[in-house]
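1. 3D model of this:
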Amino acid sequence: MAKIAESEWIWRDGEWLPWHSANIHILAHSVQFGSAVFEGVRCYPTAKGPAIFRLKEHLKRLFDSCKIYRMPMTFTPEQVLQATRELVNKNNLDTCYIRPMVLRGYGAAGMVPFDSPVEVYLPCWPWTDYLGAGALEKGVDACVASWNRVAPNTIPAVAKIAGNYLGGQLIKMEALLDGYDEAIALGADGMISEGSGQNVFAVSQGVLYTPPVDGTLLPGITRDTVVTIAKDLGIEVRVQPLARETLYTSDEIFLSGTATEVAPVRSVDKIPVGDGKPGPVAVAIAKRYLDVVHGRVADTHGWLTHTK
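-> Numbering: from 1, shown residues only. Take a look at the predicted model:
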């Protein structure tokens with residue numbers, strides 16, 4: 001896996017800090033208890049300059065996550081949006097990964113976080129292919145994880161918070177150590193939930209399927225993008241529970257996420273998906289997705305926020 005490629009500046013609570021000066025205390029509540037909500041946002045080069053993809057939607061989810069975990073924000077979404085635009089420009093980046101973070105800092109001695117201040121950070125850095133070069137062209141190999149996603153009404157799956165990703169770490173590490181690129185986890189009911197950090201799609205007889213937001217998975221912004229693009233392309237979309245066997249019998253399986261973008265799956269548990277290569281639906285959706293984020297087609301849905 002790639003290491004972070006450092007940039008120069010990080011925004012913290014309205015101030016600009018050099019990269020290595022953006023520090024927190026070892027006993028910050030977020031370090032001890034995982035109380036840090038965050039987003040992953042992509043910025044792409046376009047003919048009109050850098051453009052951040054679906055920034056407004058990402059910030060809406062960031063603020064919703066804060067609300068769920070009772071983390072009062074001292075900035076408005078518009079203030080964070082403008083700071084994010086400035087962040088990309090100040091670091092002189094055309095393409096990057098942006099990590100808005102809201103965390104509980106140093107203060108509380110125990111689990112209850114109310115005495116720990118809420119701090120807001122905006123770092124960004126250059127980005128490469130998450131699943132490796134050629135993932136779109138060749139597809140990736142996945143397995144079904146031995147770890148399940150959390151049951152509904154345990155840890156809020158719709159909140160994007162650091163602690164939730166411990167499960168994703170177990171899922172991803174298991175996959176890599178067993179020789180796979182990625183893993184797909186089931187929910188507590190044994191139905192398909194999501195990948196380590198991606199939503200899951202299946203294609204059968206030209207119809208696109210994806211699991212519902214059932215309390216076990218994050219309702220991904222890229223998931224919504226894929227559904228919207230599919231409808232724009234005239235592809236029927238059905239949101240319904242999907243059994244594990246769907247991964248073996250579908251014509252196509254693919255994953256979606258901000259880091260992943262759209263990644264076809266060529267095999268699951270060493271069983272070829274379809275004919276073992278990216279299928280036409282995944283390829284068509286991926287092409288439109290990349291055309292949109294790079295500004296090569298009209299932004300009919302208002303998904304791009306230009307930084308200049």
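
2. which residues touch the closest residue to residue 94 other than its chain neighbours?
-> In space, and not counting its chain neighbours, residue 94 is closest to residue 45: 4.1 Å by CB to CB, 6 or more residues apart in numbering. Every C-beta, even on glycine, is put in place using the N, C-alpha and C of the backbone. Each residue near residue 45 by CB atoms under 8 Å, 6 or more residues apart in numbering is listed here: 51, 94, 95, 294.

3. switch to 7 Å and redo it
-> Remark: with contacts taken as CB atoms under 7 Å, 6 or more residues apart in numbering, residue 45 is in contact with 94, 95, 294.

4. what does the strand ranked longest in the chain contact?
-> When the chain is parsed with DSSP state E, its longest strand is strand 261-268. For strand 261-268, contacts defined as CB under 7 Å, 6+ apart pick out 131, 135-136, 138-144, 226, 247-248, 252-256, 272-273, 276-279, 282, 285-286, 289.

5. In its sheet, which strands sit next to that strand, and in what direction?
-> Sheet pairing of strand 261-268 (DSSP bridges) gives strand 140-144 (parallel), strand 252-257 (antiparallel), strand 271-272 (antiparallel).

6. what about dumping the CA coordinates of it to CSV?
-> C-alpha atoms of strand 261-268 as CSV (Å, rounded to 0.1, in the frame of the first residue of the first chain):
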residue,chain,number,x,y,z
GLU,A,261,-13.6,5.0,-7.8
VAL,A,262,-15.2,2.1,-9.8
ALA,A,263,-13.3,-1.2,-9.6
PRO,A,264,-14.5,-4.4,-11.4
VAL,A,265,-14.1,-7.7,-9.6
ARG,A,266,-12.9,-10.5,-11.8
SER,A,267,-13.1,-13.3,-9.2
VAL,A,268,-14.5,-13.9,-5.7
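
7. mind listing what the helix or strand hosting residue 193 pairs with, with the direction of each?
-> According to DSSP states H and E, residue 193 maps onto strand 192-195. Sheet pairing of strand 192-195 (DSSP bridges) gives strand 182-186 (antiparallel).

8. which SS class is the residue nearest to residue 19 when sequence neighbours are not counted?
-> Nearest residue to residue 19, sequence neighbours excluded (CB to CB, 6+ apart): residue 6, at 5.3 Å. Secondary structure assignment for residue 6 (DSSP: H, G, I helix; E, B strand; the rest coil): coil.

9. Is residue 6 in contact with residue 125, as I believe?
-> Yes. Contact status for residue 6 versus residue 125: in contact at 6.4 Å, counting by CB atoms under 7 Å.

10. one step back: out of the strands paired with strand 261-268, flag the one nearest residue 110.
-> If you check each of the strands paired with strand 261-268 against residue 110 by CB to CB, strand 252-257 wins as the nearest, at 34.2 Å.

11. Need the contact partners of that closest one.
-> Applying CB under 7 Å, 6+ apart, the set of residues contacting strand 252-257 is 182, 195, 197-203, 220, 222-223, 226, 247, 262-265, 268, 273-274, 279, 281-282.

12. and what of stretch 128-144?
-> By CB under 7 Å, 6+ apart, stretch 128-144 touches 2, 175, 178, 180-184, 186, 244, 247, 259-260, 262-269, 277-278, 286.
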